[in-house]
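Trainee: Sequence plus predicted model, see below.
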2 protein chains.
Amino acid sequence: MSEISEIDVVDLRFPTSASLDGSDAMNPDPDYSAAYLIIGTDADDDLEGHGFVFTIGRGNDIETEAVRVIATTLIGRNVEAILDDMGGFWRELVHDSQLRWLGPEKGVSHMAIGAIVNAMWDLKAKRAGLPLWELLSALSRAEILDLIDFRYLSDFMTREDALAILERAAPGRAERIAQLRESGYMAYTTTPGWLGYSDEKLARLCREAIDEGFDQIKLKVGADRDDDIRRLSIAREICGPGFPIAIDANQHWDSAEAIDWIGDLARFDLRWVEEPTSPDDILAHAAIQRGIDPIPVATGEHCQNRIVFKQMLQADALRVMQIDATRVAGVNENIANLLLAAHAGVPVCPHAGGVGLCELVQHLSMFDFVAVSATMDERCIEFVDHLHEHFVTPVDVHDGRYWPPTAPGAGAEIHRGTLTDFAFPDGPEWRARETVAATA
Amino acid sequence: MSEISEIDVVDLRFPTSASLDGSDAMNPDPDYSAAYLIIGTDADDDLEGHGFVFTIGRGNDIETEAVRVIATTLIGRNVEAILDDMGGFWRELVHDSQLRWLGPEKGVSHMAIGAIVNAMWDLKAKRAGLPLWELLSALSRAEILDLIDFRYLSDFMTREDALAILERAAPGRAERIAQLRESGYMAYTTTPGWLGYSDEKLARLCREAIDEGFDQIKLKVGADRDDDIRRLSIAREICGPGFPIAIDANQHWDSAEAIDWIGDLARFDLRWVEEPTSPDDILAHAAIQRGIDPIPVATGEHCQNRIVFKQMLQADALRVMQIDATRVAGVNENIANLLLAAHAGVPVCPHAGGVGLCELVQHLSMFDFVAVSATMDERCIEFVDHLHEHFVTPVDVHDGRYWPPTAPGAGAEIHRGTLTDFAFPDGPEWRARETVAATA
């Protein structure tokens, strides 16, 4: 028996805007950040739960405060009671009758709950001595279903529907685990495609992506149509015909503009078109999907919760679901999202990059392969080669594949030195920049 | 020329849970609260801008911190430049390229921006010496349109469509202002209908509502079907046939359950069914509207932004739009919502109650009557008789009508004594409760 004894939060920011890494049509100069949480217990195992919300700079202080306020209410709670009923714990946080007014189930408060839920999953996996994907893959069907809140889903997928998916996936689990260990999970790379890069840098990074074994790349578009045509020409020439190239507009268009603009880019043979418009606009996504068929619409990194994903599927508004590890209320809600996608027969290709999103989300795709969709067809996980050095167990991506994590936990843990050095605004890395700016 | 010189925020909470005022199917014990903002300037007129976000208790600290963080960035800004371009100011805050990651346009960060925008409108109206509804009603058509961001709206309503609405409403403005002053705007009351009240209290409050001149009441439903039938029987008997009675399920149902449950209540002749399911679920609202036709579906108090309202209208998912003064990004976004409703021919009957929602939202309905929809047909503003005594210019509601405010400003200003007494957790009203609890 142990209790939650300590909550630490850090407003962690990396000065990525200096290099235009991560620049796109809506986010010209992000400072990749994390509202970072450590949950400590009084158990004598020294294990901690780590979790975070990824943000892109301003507002990370608000998110950190939200995590702190909600997590602090857990001090003194029995750890085993929580870890034994992660579905009940999720419901308790998400449906808190006063807190839910701040959403419900969206934005700052929902993401903060996600960090807390994920930190408890990290602790649960560490206690089990398993990487999260293996812990999840070892759950019984009833245990998986108990994690999920079917409220507001039942008009599309009932608990019985979800059970049928899990039952279909039951045979061959062991073989699929062996397959993951033998050949990994396909990665694709966005590293070449940021808007802020020169044509020369784009061309060089495309070549490097192919040399490194990636079988798909993605380019940011949407700021200037002529630029998009020029940059896609460069990428297509280097990658050659048939090589999958996806594009990402980061919400830049209204639906008619999207259809028209994509019409000009379709000749470059697009793997998918990502975030063409507002992430809240199910009907516009559906109109765009009709307008650009058969090119798939992909979206999800800003999808606020399972209820919006459900509607996207009901309306044929997306044909690639891009779950994000820290946008929704954690592992539980993303398992609901995986089941919704499987129920609709839509592939899940997670959003990653940022701070540690690769480290987290790989567990969900691998669990999906083992226990939910039971396939890797048309599926891949985004990879961006940023900031992995700050993680205690960074992703293992080589030969264009994610290789299954082996360390116990959810992959969220960042080095103590990084938490100190990049704390905002008082960490030495930020103080040094202030000094440089002041003397420039 | 003046500058923003001071930002004050208060975590203000009222212990309403003690009386079960405000209890409904999803919110059993709210403590009505406000994340309250005062913007001071260095002008010698001593005028301040007041604004707030209404919440129901836990999480008000998070919201207050969000308001503080974002508002503090305005220190030193030129006041006149902001007040002369409220559309540009709105875009600057809502589309901040880093901050938008926390939404975009939803939840804690979006509501915080709403409080700031509304505080600047309060200041603008005070400087003009006009109540907000009159200030807005005096704007030119171009000035109104410049307040609005048409991004993500254009597939339903373009700027030209909105202009046509305003042009249709141009004749008769003066007559409608005179009509408002002469006969007010219809109020309806939710005071009788909270779930936590006994049958006797319900009956007494229904009688009082009629005696006070109200022409519509609303009852909370959704927790227990038999209770709903019994309570509606009581209300219908006291109010008599034909008297409008609306019901409000506060998001309690999935769509099939909603249609079935409402089927059992339809014999009580329902004015509308409010919030039958998740506020995010456009498609479920549409299914419910089809299933309960011709009873109108009403929703909006949790509608996160204009993009979701737009889809609700596109999908015939609501037939009464219930804007909320502090859920979206302030006056600008609510003017977009009013225009969307007018474009669809749907009446707006605002959500109110809480802390000061009546004081704020009356300005928007009155502006709508003067300059947008140009009608009061099928329209009314919610009224709950709570907490008005804390406002410097409380609503004037009598004979079942809202009477137009005459004091300059947006109606948001709370007495200084209240801000001190009910500050959480250190104000004397809360300290006294702690003492009582400790000695009980």
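Mentor: Nice, I can see it.
Trainee: could I get the longest helix along chain A in PDB with only the CA atoms?
Mentor: The longest helix of chain A (DSSP state H) is helix A:107-128. Only the C-alpha atoms of helix A:107-128 are listed here, as PDB (Å, rounded to 0.1, in the frame of the first residue of the first chain):
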ATOM      1  CA  GLY A 107      -8.500  22.400 -24.200                       C
ATOM      2  CA  VAL A 108      -6.200  23.200 -21.300                       C
ATOM      3  CA  SER A 109      -8.100  21.300 -18.600                       C
ATOM      4  CA  HIS A 110      -8.600  18.100 -20.700                       C
ATOM      5  CA  MET A 111      -4.900  18.000 -21.800                       C
ATOM      6  CA  ALA A 112      -3.800  18.500 -18.200                       C
ATOM      7  CA  ILE A 113      -5.900  15.500 -17.200                       C
ATOM      8  CA  GLY A 114      -4.200  13.600 -20.000                       C
ATOM      9  CA  ALA A 115      -0.800  14.400 -18.500                       C
ATOM     10  CA  ILE A 116      -1.900  13.000 -15.200                       C
ATOM     11  CA  VAL A 117      -3.500   9.900 -16.600                       C
ATOM     12  CA  ASN A 118      -0.400   9.300 -18.700                       C
ATOM     13  CA  ALA A 119       1.900   9.700 -15.700                       C
ATOM     14  CA  MET A 120      -0.100   7.100 -13.800                       C
ATOM     15  CA  TRP A 121       0.200   4.700 -16.800                       C
ATOM     16  CA  ASP A 122       3.900   5.400 -16.800                       C
ATOM     17  CA  LEU A 123       4.100   4.400 -13.100                       C
ATOM     18  CA  LYS A 124       1.900   1.400 -13.700                       C
ATOM     19  CA  ALA A 125       4.100   0.200 -16.500                       C
ATOM     20  CA  LYS A 126       7.300   0.700 -14.400                       C
ATOM     21  CA  ARG A 127       5.800  -1.200 -11.500                       C
ATOM     22  CA  ALA A 128       5.000  -4.000 -13.900                       C
END
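Trainee: now stretch A:114-121: mean pLDDT?
Mentor: For stretch A:114-121, mean pLDDT rounds to 99.
Trainee: Does that stretch reach chain B?
Mentor: No. Stretch A:114-121 lies apart from chain B when judged by C-beta under 8 Å from any C-beta of the partner chain; the minimum separation is 12.6 Å. C-beta coordinates here come from the backbone N, C-alpha and C atoms, glycine included.
Trainee: sorry, back to before: please enumerate residues in contact with whichever helix or strand comes after the longest helix of chain A?
Mentor: Moving toward the C-terminus from helix A:107-128, the next helix or strand (DSSP states H and E) is helix A:132-137. Applying C-beta atoms under 8 Å, 6 or more residues apart in numbering or on different chains, the contact partners of helix A:132-137 are A:121-122, A:124-125, A:128, A:144, A:173, A:177, A:331, A:335, A:362-364, A:366-367, A:370-371, A:404-405, A:409-411.
Trainee: Mind checking which of those residues are buried?
Mentor: For those, a burial check counting by 16 or more other C-beta atoms under 10 Å in any protein chain shown picks out A:121-122, A:124-125, A:144, A:177, A:331, A:335, A:362-364, A:366-367, A:370-371, A:404-405, A:409-411.
Trainee: Please, where are all the strands along the stretch 301-440 of chain A?
Mentor: A:320-321, A:381-383, A:396-398, A:401-403 (DSSP state E, counting those that start in this stretch).
Trainee: okay, the ones you listed, which one's buried deepest?
Mentor: strand A:381-383 (a mean of 26; mean count of other C-beta atoms under 10 Å in any protein chain shown).
Trainee: Packing partners of that one?
Mentor: On a contact count with 3 or more C-beta pairs under 8 Å, 6 or more residues apart in numbering or on different chains; DSSP states H and E, strand A:381-383 meets strand A:185-193, helix A:357-367.
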